[in-house]
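Undergrad: Could you work out the structure for the sequence below:
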Amino acid sequence: MKAPSKARFEVVPQTARDTFVLREFYLEKFPIGWHFHPEIELTLIVESSGRRWVGDHVTNYEPGDLVLIGTNVPHYWTNDVVPGGMAHSIVVQFRTERFGPEFLSLTEMKPVAALLQRSLRGIRFLGKDRDRAAEKMMALRNASGLTQLLDLLAILGQLAEAEEFELLSSPDFMPKLDGGSVERVDKIYDYISRHSAKDFSHAELADLVGTSPSGLSHYFKRTVGCTLSSFVAEVRVGQACRQLILTDKPVSEIAFGSGFETLSSFNAWFRRLRGISPRDFRNSHRRGE
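TA: So this is what the prediction gives:
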């Protein structure tokens, strides 16, 4: 995984007359960036695998991943770049006020209102509930007008009744996402992305954003939702993954070239973040698994 270059407020392209926006991405890699927006987002991964961050929750994702993310919850997906592979997703984004001030208070809409409240933690759907919703999301691309809107409401209604799901972010995660925080986190991410393959100074980074090293660690954990050291490890392991897939370099050379001080540290972090050893990761991709 390569470090996101910018933590930002995303402006979702939407006209004043749109109730929601449907977007389909088909790229070599997803646009990388830790971001947030007032729109609620439902994302279906059609193709690709990699890492998904929602609030303070991070895990691997695979094709079929279906997640509902509440308003202003920071998130991003980053896919493993594989030769010939593509990152393909379908994304629906909407603001509740576009439905009208009283719409969600209607008796019929109360389950959906409760669903959207739970989505402030991020919700991953599983099993048959996910499969049925995913099929309907794929069909949304071929609908338009009132039919498309009714189909979206049907999807939300179905997800509101889903029994197989996982809440992602912790209940007490409260991201501080004012304009100053966005600018500060942007500086931190940019610094890490430029220095991840070699030792960098926590003091220098802290000075860059106007705080002490200890203050920097507390700030990063509170704002981003993970420790600074774990994020740096994420960046380095992601860079290593690309080298494991695209080159024949020895594992040890890749480990040290990605910024790890010891091979044992590299192996430990790689297993923690990818669930397998670096060597098995390389072999699985070469077998096309």
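Undergrad: What separation is there between the spatially most central residue of the chain and residue 30?
TA: The centre of the chain sits closest to residue 76, judged by Cα atoms, centre = their mean, with a distance of 2.6 Å. According to Cβ to Cβ, to the nearest Å, residue 76 stands 8 Å off from residue 30. For every residue, glycine as well, the C-beta is placed using N, CA and C.
Undergrad: Check residue 247 too.
TA: Separation of residue 247 from residue 30 (Cβ to Cβ): 22 Å.
Undergrad: Residue 79 too?
TA: If you go by Cβ to Cβ, the gap between residue 79 and residue 30 works out to 5 Å.
Undergrad: and the residue of the chain most remote from its centre, what pLDDT?
TA: What lies farthest from the middle of the chain is residue 107; by Cα atoms, centre = their mean that is 32.9 Å. pLDDT, residue 107: 88.
Undergrad: next structured bit after the host helix or strand of residue 215?
TA: Element membership for residue 215 (DSSP states H and E) is helix 213-224. Next in sequence after helix 213-224, counting helices and strands by DSSP H and E, comes helix 228-246.
Undergrad: Flag every buried residue along that next one.
TA: For helix 228-246, burial by neighbour count (16 or more other Cβ atoms under 10 Å) applies to 228, 231-245.
Undergrad: and if you look at stretch 106-120?
TA: 109, 112, 115-116, 119-120.
Undergrad: Among those, name the ones in helices.
TA: 112, 115-116 (DSSP state H).
Undergrad: Output the residues you listed in a markdown table; the columns should cover pLDDT.
TA: Formatted as a markdown table, these follow (pLDDT from 0 to 100):
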| residue | pLDDT |
| --- | --- |
| 112 | 92 |
| 115 | 92 |
| 116 | 91 |
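Undergrad: Among these, which one lies nearest to residue 128?
TA: Nearest to residue 128 out of those is residue 115 (Cβ to Cβ; 17.2 Å).
Undergrad: Would you check how far apart the nearest residue to the closest one once chain neighbours are set aside and residue 103 are?
TA: Closest residue to residue 115 apart from its sequence neighbours, by Cβ to Cβ, 6 or more residues apart in numbering: residue 160 at 4.1 Å. For residue 160, the distance to residue 103 (Cβ to Cβ) stands at 14 Å.
Undergrad: And residue 180, what's its pLDDT?
TA: 59.
Undergrad: do residue 170 as well
TA: 72.
Undergrad: same question, residue 26
TA: pLDDT, residue 26: 86.
Undergrad: That one - that's part of a helix, no?
TA: No. Residue 26: not assigned to a helix; according to DSSP: H, G, I helix; E, B strand; the rest coil it is strand.
Undergrad: my guess is it meets residue 88, correct?
TA: Yes. Contact criterion Cβ atoms under 8 Å: residue 26 and residue 88 qualify, at 4.9 Å.
Undergrad: hmm, which helix or strand of this structure has the shakiest average pLDDT?
TA: The weakest-scoring helix or strand in the chain, judged by mean pLDDT, DSSP states H and E, is strand 7-9 (a mean of 43).
Undergrad: Low-confidence regions, the stretch 51-200 of the chain specifically.
TA: Within the stretch 51-200 of the chain, the segments meeting pLDDT under 70 span 101, 171-183, 185-186, 199.
Undergrad: SS state for residue 203?
TA: Applying three-state DSSP: residue 203 is helix.
Undergrad: Any figure for the gap between it and residue 103?
TA: Taken as Cβ to Cβ, the span from residue 203 to residue 103 is 52 Å.
Undergrad: Then residue 115?
TA: Residue 115 is 14 Å from residue 103, by Cβ to Cβ.
Undergrad: quick revisit: out of residue 203 and residue 103, which sits in the busier spot?
TA: residue 103 (15 against 11; other Cβ atoms under 10 Å).
Undergrad: For residue 149, see how far away the closest residue to the more buried one other than its chain neighbours is.
TA: Of all residues not flanking residue 103 in the chain, residue 109 sits nearest, at 6.2 Å (Cβ to Cβ, 6+ apart). According to Cβ to Cβ, residue 109 and residue 149 sit 14 Å apart.
Undergrad: Equivalent analysis for residue 134, please.
TA: Taken as Cβ to Cβ, the span from residue 134 to residue 149 is 19 Å.
Undergrad: Pick out whichever of the two has more residues nearby.
TA: residue 134 (20 against 17).
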